[in-house]
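1. structure for this input, please:
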Amino acid sequence: MPSHTSPTSPNSPTSPSSPDSSQPAVTVLGLGLMGTALAAALLRAGHPTTVWNRTKSKTGPLAAQGATPADTPAEAITASPLILVCLTTYDDVTELLHPHTTTLAGRTLVNVTNGTPVEARKFAAWADEHGIAYVDGGIMAVPQMIATPAGYILYSGDQQAYESHRPTLAALGGTRWTGTDPGLAALYDLSLLTGMYGMVMGMAQSFALIRSQDISAREFAPLLADWVTAMTNNLVPGTAEAIDSGEHVTDVASLAVNQAAFPNLLATFADQGVRTELFEPMRQLLDRSIAEGHADDGLSRLAELLRAVPEA
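-> All right, here's what the predicted structure looks like:
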């Protein structure tokens, strides 16, 4: 099992401060909304920060806060031992960094670009081949949450490089180490996002249903928030325990009970003029759970049924 550190909250001032020469220098490549938030947090923590973006005008606001704009990626990389890259895709990262292997050699590259575990492992292998210490990161925050107690970043890959630069990375938010497999940060990231998107789908369907009767979404929102919070607080730890123990039999609500009740949802959606495509797969999964003999099990069994069967 991967080990974890507790989140650490940066103790950053709320306004930009002058770079502190005693603080490690950092380079930030990519100044979209997230990259800009990361660079601003480093500046507030006093780190000499070099910034580069393909569209140079985006460096202006950060330069006003004390950042040093670089004209080229090579110039930006040369400025710091720690390179933080935050682009849209791994293809963008590859296109940007592959021509600069010699310049990157001997430095630490922390890549917080959203990607897949396979992409992270492939990029880590490339970095290792060229003498670059590689740490992959998954940002569990929106830009406004950077450098606040609410936001944190998952890290995996070169543990020595991570530990060496962790005090600097703590300026961005909580730090959570997931393991030396470079793909683990992305796996945790996408698993957490999966839970979020599932919640968003349920929320969208819920609001669509209540609004079909001209009931105010604002009026309904507190009830929904309280219900989802209560269910999450109970379901998440209980489901995790059942999955790890392999004990799925429940005395709460079996899959058979859920299968019997689920058609009421679909019928009501249809009666109220609400589309059903988000919830049809759930009915199919419940039906399969019963067909495969899991009628007495709880909802935790569904996680096992979602695993792909290995090819022979």
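2. CA only for contacts and neighbour counts going forward, please
-> Will do.
3. next, residue 110: secondary structure please.
-> Of the three states, residue 110 takes strand according to DSSP: H, G, I helix; E, B strand; the rest coil.
4. next, count neighbours for it.
-> 25 (other Cα atoms under 10 Å).
5. verify the contact between it and residue 139 for me.
-> No: in this structure, residue 110 is not within contact of residue 139 by Cα atoms under 8 Å, at 11.7 Å.
6. just for this structure, where's the confidence low?
-> Applying pLDDT under 70 to the chain picks out residues 1-19, 309-312.
7. strands of that one, start to end?
-> For the chain, strands defined by DSSP state E occupy the ranges 26-29, 49-52, 68-69, 82-85, 108-111, 133-140, 152-157, 174-179.
8. please tabulate these in TSV, including the columns distance to residue 92.
-> Listed next are the strands of the chain as TSV, based on distance: least, Cα to Cα, whole Å:
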stretch	distance to residue 92
strand 26-29	11
strand 49-52	14
strand 68-69	20
strand 82-85	10
strand 108-111	12
strand 133-140	15
strand 152-157	20
strand 174-179	25
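9. quick check: residue 109 vs residue 124, distance?
-> Distance from residue 109 to residue 124, counting by Cα to Cα, to the nearest Å: 10 Å.
10. which residues do those two both contact?
-> Jointly contacting residue 109 and residue 124 under the rule Cα atoms under 8 Å, 6 or more residues apart in numbering are 134, 135.
11. OK, contacts around the residue nearest to residue 59 when sequence neighbours are not counted?
-> In this structure, residue 59 finds its nearest non-sequential neighbour in residue 69, 6.0 Å apart by Cα to Cα, 6 or more residues apart in numbering. Contact analysis of residue 69 by Cα under 8 Å, 6+ apart lists 50, 51, 52, 59, 60, 63, 76.
12. give me that answer again for 7 Å
-> Residue 69 is in contact with 50, 51, 52, 59, 63, counting by Cα atoms under 7 Å, 6 or more residues apart in numbering.
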